[in-house]
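[1] Take this sequence and fold it.
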Amino acid sequence: YKTILARIRYRGGVINRYPSRLHYFSDWITDNSRKGVVVDVTPQISSDTIRFNVGFMTQNPDKYRALTAVPEFIPVIAAQEKSINDRLYHYIPKNNIDSLATGIQSGDLIAITTKMKGLDISHVGIAIWQDGKLHLMHASSTLKKVVVPEKTLHDYMQGIQSNPGIIVLRAQ
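    Reported below is the predicted structural model:
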């Protein structure tokens, strides 16, 4: 378990102090795609692209014990944020989820993009098809448990103004 966790949670699968952890989910996508853990299938589904503007960690180092304890980590994290911000990601705009849903399979990871300042992905869940409709199985912060809402993924996304769309990942 520890070996697998290190492989998917740390840059290149190597634990080397705090900056080696994949802090932003978009960085997790890139790193785990390189390692063959997941495939980003979004480009096969949608031609729409998004560029993130992450920077929350370096703009708020006081919220991270490791950054206040070792301020030398801040420029390392800043370089990682710049790398993320330089990348272009494909995504499915929330208004197109229903029309493009056939490219999504049960079990795919769904990363919900966000417009929240300094962040990239606000939530992650698992796609699940029920009665011919696509839903998101996820850990609900309000209900404090894993749920599959009655709302379809499309309808779920419509209720959240700060989330412009999704990225779809498939395990290998």
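
[2] In terms of secondary structure, what does the longest strand that the chain contains contact?
    The longest strand of the chain (DSSP state E) is strand 121-130. Secondary-structure packing of strand 121-130 (3 or more Cβ pairs under 8 Å, 6 or more residues apart in numbering; DSSP states H and E): helix 25-34, strand 109-113, strand 133-140. All C-beta spots, glycine's among them, are computed from the backbone N, C-alpha and C.

[3] Determine which stretch of these is the most buried.
    strand 109-113 (a mean of 24; mean count of other Cβ atoms under 10 Å).

[4] Which neighbouring elements make contact with it?
    Using 3+ Cβ pairs under 8 Å, 6+ apart, the elements in contact with strand 109-113 are helix 25-34, strand 121-130, strand 165-171.

[5] Which of the ones you listed sits closest to Ser46?
    strand 165-171 (8.3 Å; Cβ to Cβ).

[6] Mean pLDDT and distance to Asn16 added to the helices and strands packed on strand 121-130, as CSV?
    Shown next, in CSV, are these (pLDDT from 0 to 100; distance: least, Cβ to Cβ, whole Å):
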stretch, mean pLDDT, distance to Asn16
helix 25-34, 98, 13
strand 109-113, 98, 25
strand 133-140, 97, 29
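
[7] now Gly107: how far from Gly55?
    For Gly107, the distance to Gly55 equals 32 Å [Cβ to Cβ, to the nearest Å].

[8] okay, the two: which has more neighbours?
    Gly55 (18 against 12; other Cβ atoms under 10 Å).

[9] Quick check: chain neighbours aside, which residue is closest to the more buried one?
    Distances taken as Cβ to Cβ, 6 or more residues apart in numbering put Gly118 closest to Gly55, at 4.6 Å, once the chain neighbours are dropped.

[10] ok, back up a step: relative to strand 133-140, how tilted is the longest strand of the chain?
    130 degrees (axes from the mean of the first three to the mean of the last three Cα atoms, to 10 degrees).

[11] count of residues packed around the residue nearest to Gly55?
    16.

[12] Relative to the centre of this protein, find the outermost residue for me.
    Centroid-distance maximum for the chain: Ala69 at 27.0 Å, with Cα atoms, centre = their mean.

[13] Report pLDDT for that residue.
    Ala69 carries a pLDDT score of 98 in this model.

[14] Having no further points to raise, I will conclude here.
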